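Asker: Quick one: sequence plus predicted model below, questions after.
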Amino acid sequence: MKTAPQSLAPWLWLLLAAFCLRVLGQMLAAFLGVAWLPPMEAWYSGLMPYPYLLPSQWLIILLYGKICLDFTRGDGFFVRPRPLFGREVLIFGYVYVAAMVLRYLLRMWLHPEARWFGGTIPIVFHWVLAAFIILFGRFHRTQLVPR
């Protein structure tokens with residue numbers, strides 16, 4: 001069953017907005033030390049140095065923004081049906097979200113003092129990114145032409 005790209009656009013925009021708020025919150029914590037936000041350590045897992053992480057986050061925002069625009073218009077590179085591509089994107093999205101669930105479980109096991117939400121900001125926002133990828137992949141996968 002084919003899905004109209006415009007029907008997914010609000011969900012994609014919502015996920016992108018959530019990620020943008022995360023990047024903004026992290027920037028405010030990193031550069032301005034805003035007191036009402038969690039400290040930088042809560043936003044940042046340390047897996048990638050922040051001088052590299054921030055530009056990569058902006059690239060993700062630009063890419064996801066372009067995808068959202070194409071879905072809103074119902075036209076463009078990112079809404080042209082690619083069912084086989086959608087399958088690969090879905091596999092990636094499911095592996096990504098599974099890895100982040102495993103990461104969460106390991107964090108809770110290794111840091112019982114942090115249960116349930118300690119140090120989870122990066123993990124939760126990886127779930128947001130994975131949800132975007134899964135919605136995008138499902139759209140392409142559902143564009144199969146019936147025989």
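Answerer: Good, I have the coordinates. Residues are numbered from 1 along each chain as shown.
Asker: what packs against the helix or strand of the chain with the lowest mean pLDDT?
Answerer: Within the chain, no helix or strand scores below helix 40-43, which has a mean of 84 by mean pLDDT, DSSP states H and E. Packing partners of helix 40-43 (3 or more C-beta pairs under 8 Å, 6 or more residues apart in numbering; DSSP states H and E): helix 5-27, helix 121-141. No exception for glycine: its C-beta is placed from N, CA and C like everyone else's.
Asker: Out of those helices, the one nearest Ala99 is which?
Answerer: helix 121-141 (8.3 Å; C-beta to C-beta).
Asker: buried stuff in that closest one?
Answerer: 121-123, 125-141 (16 or more other C-beta atoms under 10 Å).
Asker: cool, stretch 25-40 as well?
Answerer: Gly25, Gln26, Met27, Ala29, Ala30.
Asker: how about low-confidence regions in the chain?
Answerer: Scanning the chain for pLDDT under 70 picks out the ranges 1, 144-147.
Asker: Spatially central residue (nearest the centroid) of it, please.
Answerer: Centroid-nearest residue in the chain, with C-alpha atoms, centre = their mean: Leu129, separated by 0.9 Å.
Asker: Now do the closest residue to that residue other than its chain neighbours: how many residues are near it, please.
Answerer: Once flanking residues are discounted, Leu129 sits nearest to Phe19: 6.4 Å by C-beta to C-beta, 6 or more residues apart in numbering. Residues lying near Phe19 (other C-beta atoms under 10 Å) number 19.
Asker: Pretty sure Phe19 sits against Val128.
Answerer: Yes - at 5.4 Å, Phe19 and Val128 qualify as touching, with contact defined as C-beta atoms under 8 Å.
Asker: Kindly provide the distance from the residue nearest to Leu129 to Ala35.
Answerer: 23 Å (C-beta to C-beta, to the nearest Å).
Asker: For Cys68, grab the count of nearby residues.
Answerer: 23.
Asker: Hmm, it is touching Pro10, no?
Answerer: No - counting by C-beta under 8 Å, Cys68 does not reach Pro10; the two are 9.5 Å apart.
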